[in-house]
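Participant: Dropping a prediction and its sequence here:
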Amino acid sequence: MAILPAHLSRSVGGGFDNESVAIPAMCITFFLWCRSLRTASSWPLAAAAGLAYTCMAASWGGYVFVLNMVGVHAGVLLLLGRSQSSLCKAYTLFYVIGTTGAMQVPIIGWTPLKSSEQLGPLAIFAAMQLAQLYRAWASRCSSTQGKDGSQLATVAILGAVAALAVAVLVPSGFFGPLSVRVSALFVEHTRTGNPLVDSVAEHQPGSSDAYWTYLGKVYYVAPAGLPALFLRKGRGVSDSGLFLVCLAGAAYFFSLKMRRLIILTALPAAGLTGVAAGLAFEWVVLSPIQRTLCSPSSLEMRSKAVAAFNTPLVRIARLLLAALLAQVVLPEIKAFYEFCDNKARYSLSHPQIMLKANNGGIIDDYREAYWWLRDNTPEDSRIMAWWDYGYQIAGIAKRTTIADGNTWNHEHIALLGLCLSSPVQDAHTIARHLADYILVWSGGGGKDDVGKSGHMARIANSVYSGHCAESDCDQFGIYPGGKASKMMGSSLIYSLCDRGGALDEKYFKEVYHSRNKRVRIVQVLRVSEESRQWAGDPRNRLCDAPGSWYCPGQYPPLLRQLVDEDLEAETSEAKAYRKAYAKRKQEQEAERPLPNQPGLPGGSFLDSCRGCSLEGKHLQKGVLRCTHCRFPGSPALASSLDLQSCPLPEVDNIRGELQCKPKVNAANIPEGGYRDSCRGCELEQGGTVLQCSHCGAADGRRVTSRFLLSQCPRPGKLDNHNGVLNCVGLLNAAKIPEGPYLHSCQGCHLFDYGKLVTCQLCRKADGRQLQSSFELGLCLPPGKLDNQDGSLICKGGKSPGVQELPEGPYKQTCSECRLEGPRTLKCERCGNLQSQVVSSSYDLSRCSAPAQLHNQDGALICIGVPSGPRLPAGNYLKSCEGCHLQEGDQLLSCSHCKAPGGLQRVSSYQLALCPVPGRLENWNGVLNCLGLLSGPAVPGGAFRESCQGCRLESSETGQGQVLTCSHCRAADGRQKPSSLALAGCPDPAQMLQNRDGSLICGQ
């Protein structure tokens, strides 16, 4: 049990939860209780069990489970007539000491005698006392006749007293109802009626995955211990064995209802596994050895079956079987130990407030925020935060919190939720009387406090009526597109989590924002000193006794005037708050949907859509409009539907959208698993195509899907894969190559003498299936075939005759790279500066060592190509590589000049065309000469931005001047000379242009 993850989850250090102390106390209580029943003289040990139970009650609310388990066990033993005298003594001692000790805990008080969930053990206690009185009275009677009469009189008197007590106490309200926590175990999660209980994720029902996570192989071995308890030869099930049966049944039942209670299964699972293993060891190993050393009794020898079972040959066979089982079981035991060790190391030992980032770093925002509170705020500071973080703030930051994980005070947490989910100004009115600082988790992605704010509003609404117009606070939330509802957008929590724009500095001041923006702390401005001093005065605390640690305290009078409707608002602040609250209630009430109008079509939408009306006179030809259709996790959405498109006069609400109710599947459609999640299915085109109008998708949508039946020959059957009809079960050939493609491809066979593999159906990303083939000769080891969006590819291998992928920094930001053709590298996924993923290719013949390939903004480029000596100066040297002088040092040639889009170009330039003061530069991958001077009187114009070396010359014909430029840039980046007679250009300064390297007079 010590290494089971179910037990370790609540027994590791640093859990900041009392369960870490309570679970060992529970185990000790159960052990001492069972030990007190072992012999007739063991009953005094029940006193120690009562003391251990007191420790359990003082640390965790799960003490109710412990008390009831002991009570159930005692009741079962009482009904079975097991050792009644010692049982009565043990239970009386346990109940009196344990209950008396538990009642000393202030939070518990008189609940063991008044709470409905604890009346069962009290009834068992009373029944045992009555039974003892009955036996004591009966033993005093001397005659049989008198004895029978006294028994009847005793039973009648005691029964009358019990009935009178029940008749008096029940109507008076002495016995309270089942607590919400207990009643939540018997209803569906999220429907307990208490939004505080519904908000706890651990209250979700258990699942087989959860049991495997916390119990491992014990989950499958432990059930074998139940029959083993009853098969103990010659002994039967003991009192402790019966307790283990009761504990296992109760723990399994409650953990199925609430995942958090899987911790209770650790003890019975470990115990039952031990019983099963012990019985197997006894039968296989110990029994043959004992039979060999000791002769069977004469009674056993009379039985031929027993005699045959214990022959030397059978005993030897059983020992050989034991050796064989040891070979099988020992590796499983080792694997189980490693499973538990890994859970303890990597799952349960990591602090919950320190996370590992995708890049391997540590996200320590939460702990650093608590340290900031500890080091930068006064010791008497009051911190407002959602109750999830209360224990952490108290334990790490050493500061007082408004609420923590002790959720027994529903009303107190409701006030916290009211403050955080109210408009900023109203929230400040409350916060200034409660807190000095407010801490929020603002990380985004649904994990910040905005993701929890729906629970805040619902919990507040359960106490402060009218906070939301509806009980589930449907008006408070975020729509699917990310837009906040009106009520959410104006709330304090939305503003604090960086969702609602700048913080209103009249009410709050930001004092801390963590490095990864996951935690934000603001200071409450204009704090009410009167309320602070009143709350800090010990005389205003409601302690159960002088000097006690249990002092719930009270709200300051100024705060009570705000939220307590039974008190009269005396201050101007209280009057203004109540006026604003009433106005908000009125506005929200006006936004409530209207009732559905009569004459609507049938369907499930009537249960989740309101404000529905029908436009049109005919039911089947009108338009159905609803103003509020429920969408899980979002405020209700408006939706409409043209009923002419519906085959049936019924409508459903699917994720906030009105959809026609599908027809019943046709009788002649083929078999397959799709029938469970697809509706409106029928055969079309002469029975060759299956059409389903509504196939359920993983996100809850219902979409249309078609499938060509010829693509799914036997033994394949149709199924629904995320809303798309798929064929499953097609057989693969025996000798096809291994690879990940087999998980999503079917009907694969070898062709062309084993050189080509063809799969009939390979699933695409959108769920559709396509046929695909691949030549195996193009995928050499260690490469394996994989399915990429419906196409077979080779992953991890190299093409024949081509070298392996070149090394280079590109591998850090590019993936799915392969060689195409003799010398082309193709990478399917290269990240760019816009956080997008694009594909890129490069000719490897242009990048030889020592140069390496890099990823520049999503494009593969070659960097590090060496250049020759004595190169002319110029800025081109910063972006061009592989530059050399040729043709007697008259031609400069560069093999790699950077161009837009991450490209690299080859460029050359005749140095004689760039005289001083010209200088060479790289313009979009082409060498250009810049800085050449132009002559005087050259007209201005846009052409001068791309033309240089310009001068005015007289026309040879004597008809005006000619503008000549030695370097005009063309569209491809090259420079060339150009001339233009200005006689035909009336306004050269405005009209001269360079068009693709040629001077023109444009308009």
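Facilitator: Looks like it came in fine.

Participant: pretty sure Ser705 is in a strand, no?
Facilitator: Yes: using DSSP: H, G, I helix; E, B strand; the rest coil, the assignment for Ser705 is a strand.

Participant: so what's it up against?
Facilitator: Contacts for Ser705 (Cβ atoms under 8 Å, 6 or more residues apart in numbering) come out as 678, 691-692, 695, 720, 723-725. Yep, even glycine has a C-beta here, placed from its N, CA and C like the rest.

Participant: Same question for Thr92.
Facilitator: Contacts of Thr92 by Cβ under 8 Å, 6+ apart are 125, 128-129.

Participant: Looking at those residues, which is nearest Ala636?
Facilitator: Closest approach to Ala636 among these (Cβ to Cβ): Phe125, at 52.1 Å.

Participant: Please name the nearest non-neighbouring residue to the closest one.
Facilitator: Using Cβ to Cβ, 6 or more residues apart in numbering and skipping residues adjacent in sequence, the residue nearest Phe125 is Tyr95, 4.8 Å away.

Participant: distance of the one you found from Gly120?
Facilitator: According to Cβ to Cβ, to the nearest Å, Tyr95 and Gly120 sit 12 Å apart.

Participant: Domains in the chain, by residue range?
Facilitator: Domain assignment for the chain, taken from automatic domain parsing, gives 1-170, 221-255+264-350, 362-587, 605-660, 730-797, 809-929, 933-1001.

Participant: Okay, and which of the contacts of Ser705 map to helices?
Facilitator: Judged by DSSP state H, helices contain none of the contacts of Ser705.

Participant: Rebuild those residues as JSON lines, extending it with neighbour count and distance to Pro900.
Facilitator: What follows is the contacts of Ser705, written out as JSON lines (neighbours: other Cβ atoms under 10 Å; distance: Cβ to Cβ, whole Å):
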{"residue": "Cys678", "neighbour count": "27", "distance to Pro900": "50"}
{"residue": "Gln691", "neighbour count": "17", "distance to Pro900": "49"}
{"residue": "Cys692", "neighbour count": "27", "distance to Pro900": "49"}
{"residue": "Cys695", "neighbour count": "24", "distance to Pro900": "46"}
{"residue": "Asn720", "neighbour count": "21", "distance to Pro900": "47"}
{"residue": "Gly723", "neighbour count": "21", "distance to Pro900": "42"}
{"residue": "Val724", "neighbour count": "22", "distance to Pro900": "41"}
{"residue": "Leu725", "neighbour count": "26", "distance to Pro900": "46"}
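
Participant: related to what we said a few turns ago, ok, then the element right after the strand or helix carrying the residue nearest to Phe125?
Facilitator: Tyr95 is part of helix 84-103 when elements are defined by DSSP states H and E. Downstream of helix 84-103, the first helix or strand assigned by DSSP H and E is helix 111-114.

Participant: Report all helices and strands that that following helix contacts.
Facilitator: helix 84-103 (3 or more Cβ pairs under 8 Å, 6 or more residues apart in numbering; DSSP states H and E).

Participant: tell me which residues of the helix it packs on are tucked away?
Facilitator: Neighbour counts over helix 84-103 (16 or more other Cβ atoms under 10 Å) mark 86-95, 97-99, 101-103 as buried.

Participant: Now for Arg499: which residues touch it?
Facilitator: 450, 484.

Participant: That one and Tyr909, how far apart?
Facilitator: In terms of Cβ to Cβ, Arg499 sits 56 Å off from Tyr909.

Participant: do the same with Met456
Facilitator: In this structure, Met456 and Tyr909 are 69 Å apart, going by Cβ to Cβ.

Participant: These two: who's more crowded?
Facilitator: Neighbour count, other Cβ atoms under 10 Å: between Met456 and Tyr909, Met456 has more, with 29 against 21.

Participant: Can you tell me the closest non-neighbouring residue to that one?
Facilitator: Take Met456 and drop its neighbours on the chain: the residue closest to it by Cβ to Cβ, 6+ apart is Gly417, 3.7 Å away.

Participant: same question, Leu229
Facilitator: Using Cβ to Cβ, 6+ apart and skipping the chain neighbours, the partner closest in space to Leu229 is Gly241 (4.4 Å).

Participant: Please apply the same query to Glu368.
Facilitator: Closest to Glu368 by Cβ to Cβ, 6+ apart is Ser514, at 6.1 Å.

Participant: isn't Val96 right up against Tyr53?
Facilitator: No: counting by Cβ atoms under 8 Å, Val96 stays clear of Tyr53, with 11.2 Å between them.

Participant: Low-confidence ranges, the stretch 651-800 of the chain, go.
Facilitator: For the stretch 651-800 of the chain, the stretches with pLDDT under 70 are 797-800.

Participant: how about the strands in it?
Facilitator: 651-654, 657-660, 678-684, 689-696, 702-708, 717-721, 724-728, 745-751, 756-763, 769-775, 784-788, 791-795 (DSSP state E, counting those that start in this stretch).

Participant: count of neighbours near Leu658?
Facilitator: Residue neighbour count, defined by other Cβ under 10 Å, stands at 24 for Leu658.

Participant: partners of it in the sheet?
Facilitator: Assessed by DSSP bridges, Leu658 has beta-bridge partners Asn653.

Participant: Roughly how far does it sit from Val70?
Facilitator: Distance from Leu658 to Val70, counting by Cβ to Cβ: 55 Å.

Participant: show me the contacts for Glu568.
Facilitator: Listed by Cβ under 8 Å, 6+ apart, the contact set of Glu568 reads Gln561.

Participant: Quick check: pLDDT value at it.
Facilitator: On pLDDT, Glu568 comes in at 86.

Participant: Over to Val237?
Facilitator: Predicted confidence (pLDDT) for Val237: 82.

Participant: And it, how close does it get to Leu229?
Facilitator: As defined by Cβ to Cβ, Val237 lies at a distance of 5 Å from Leu229.

Participant: Kindly report the same for Thr99.
Facilitator: Thr99 is 30 Å from Leu229, where distance means Cβ to Cβ.

Participant: try Ala638
Facilitator: Where Leu229 is concerned, Ala638 sits at a distance of 61 Å (Cβ to Cβ).

Participant: and if you look at Met991?
Facilitator: Going from Met991 to Leu229 by Cβ to Cβ gives 105 Å.

Participant: For the two, indicate the residue with more neighbours.
Facilitator: Leu229 (21 against 18).

Participant: which residues does the more buried one contact?
Facilitator: Residues in contact with Leu229 (Cβ under 8 Å, 6+ apart) are 237, 241, 244-245, 272, 275.

Participant: now the strands of the stretch 651-800 of the chain in TSV, with distance to His428?
Facilitator: Shown next, in TSV, are those (distance: least, Cβ to Cβ, whole Å):
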stretch	distance to His428
strand 651-654	39
strand 657-660	39
strand 678-684	52
strand 689-696	47
strand 702-708	46
strand 717-721	52
strand 724-728	52
strand 745-751	61
strand 756-763	55
strand 769-775	59
strand 784-788	55
strand 791-795	58
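
Participant: Between these, which one is closest to Lys257.
Facilitator: strand 689-696 (26.9 Å).

Participant: So what angle separates the directions of that closest one and strand 724-728?
Facilitator: Relative orientation of strand 689-696 versus strand 724-728 (axes from the mean of the first three to the mean of the last three Cα atoms, to 10 degrees): 110 degrees.
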